[in-house]
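Trainee: sequence and computational prediction follow.
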Amino acid sequence: MTRPVASELQLRIISGAVMMAVALAALWAGGMLFWALTAVLAVLMMVEWSQMAGAPFWQIILGALLAAGLMVTALDFLDPLKLGAISDRLIAQSVDLIGLAAILLAVISFRARLGAGLLYAIPPAIALIFVREQPEQGLLLTLWTLAIVWATDIGAYFAGRTIGGPKLAPRLSPNKTWAGLIGGMIAAAVVGALIAWQGDLPAFCWIAGGGLAVAAQMGDLFESWLKRRSGVKDSGKLLPGHGGVLDRLDGVVPVAVVVGTALAAGLL
């Protein structure tokens, strides 16, 4: 007997509200609390990626340990002196370490896909910490980043359900429509501009919402492709109504990397 659709939607809304509350609390606190939440999520993403790749238990553990070790390097971003004085060097060191760890894991496991998992899970996590710990407007910039993704998801869901129409990528995700993409872009553009206006954020934040919504949707489609390739419906079962951590954060991955890169490049 299948569960009613309304019940599934209620579970998704409730669990989503709880996750959002936890994320906002950690975001507000910043520092070690935000780092800890982000690090745990990055490790869980790596575990789910490894499981979908069909890796044996020891390789899953090795990938998780390497992911945790890489997240420890992000602790340097919690030091205002280091972040302010040598942020470019810290970023370069993080990029180098992630690349070396990915190569090491791929060689040891004989699975290039596991190495790719580190390249997928760790950069967005470190990017979010880098953005959050900025001495000026770090809190607002990170909130803006996450709000763009949330607005995209909500706008795409309701526009797709209400309008329907041609499918965006039927082979990857049969439920996604062009109307949903446009609805997500509009929602992200409006929410992003409102937060930028209220928080007096840089010009980039006023205009980037729609484009980042496309990036978020591409991240969603990539994860859909990954699940189809692995023959699974969800990346995991940890989050009630949402599947796994990868399912929930697929849109955050590209958006966080783009925002972190824009900040490092001086656009923010």
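Mentor: Yep, it's here.
Trainee: and Pro174, what does it touch?
Mentor: Pro174 makes contact with Lys167 under the criterion CB atoms under 8 Å, 6 or more residues apart in numbering. Using the backbone N, CA and C atoms, a C-beta is placed for each residue, glycine as well.
Trainee: which secondary structure elements does the strand or helix carrying Thr142 contact?
Mentor: Applying DSSP states H and E as the criterion places Thr142 in helix 138-163. In terms of contacts (3 or more CB pairs under 8 Å, 6 or more residues apart in numbering; DSSP states H and E), helix 138-163 is packed against helix 5-29, helix 112-132, strand 173-177, helix 178-199, helix 209-230, helix 252-264.
Trainee: what angle separates that helix from helix 178-199?
Mentor: 150 degrees (axes from the mean of the first three to the mean of the last three CA atoms, to 10 degrees).
Trainee: just checking, next helix/strand downstream of helix 138-163?
Mentor: Assigned by DSSP H and E, the successor of helix 138-163 is strand 167-169.
Trainee: so what are the sheet partners of that following strand and their directions?
Mentor: strand 173-177 (antiparallel) (DSSP bridges).
Trainee: gap between the partner strand and the chain center?
Mentor: Remark: strand 173-177 is offset 20 Å from the chain centroid, using CA atoms, centre = their mean, to the nearest Å.
Trainee: put the alpha carbons of it into CSV.
Mentor: Provided in CSV are the C-alpha atoms of strand 173-177 (Å, rounded to 0.1, in the frame of the first residue of the first chain):
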residue,chain,number,x,y,z
SER,A,173,14.8,14.0,-14.7
PRO,A,174,11.3,13.3,-16.1
ASN,A,175,9.6,15.8,-13.7
LYS,A,176,11.6,18.9,-14.5
THR,A,177,10.1,21.3,-17.0
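Trainee: buried set for the lengthiest helix in the chain?
Mentor: Ordering each helix of the chain by length in residues (DSSP state H) puts helix 80-109 first. Residues of helix 80-109 classed as buried by neighbour count (16 or more other CB atoms under 10 Å): 83, 87, 90-91, 94, 97-98, 101-102, 105-106, 109.
Trainee: quick one, it and helix 138-163 angle?
Mentor: Using the same axes, to 10 degrees, helix 80-109 lies at 50 degrees relative to helix 138-163.
Trainee: show me what contacts Leu105?
Mentor: Shown in contact with Leu105 (CB under 8 Å, 6+ apart): 62-63, 66, 111, 114-115, 117-118.
Trainee: can you count the residues close to Val204?
Mentor: Actually, residue 204 is Phe. It isn't Val. When counting by other CB atoms under 10 Å, one arrives at 15 neighbours for Phe204.
Trainee: find the nearest non-adjacent residue to it, please.
Mentor: Excluding the flanking residues, the one nearest Phe204 by CB to CB, 6 or more residues apart in numbering is Leu267, at 5.0 Å.
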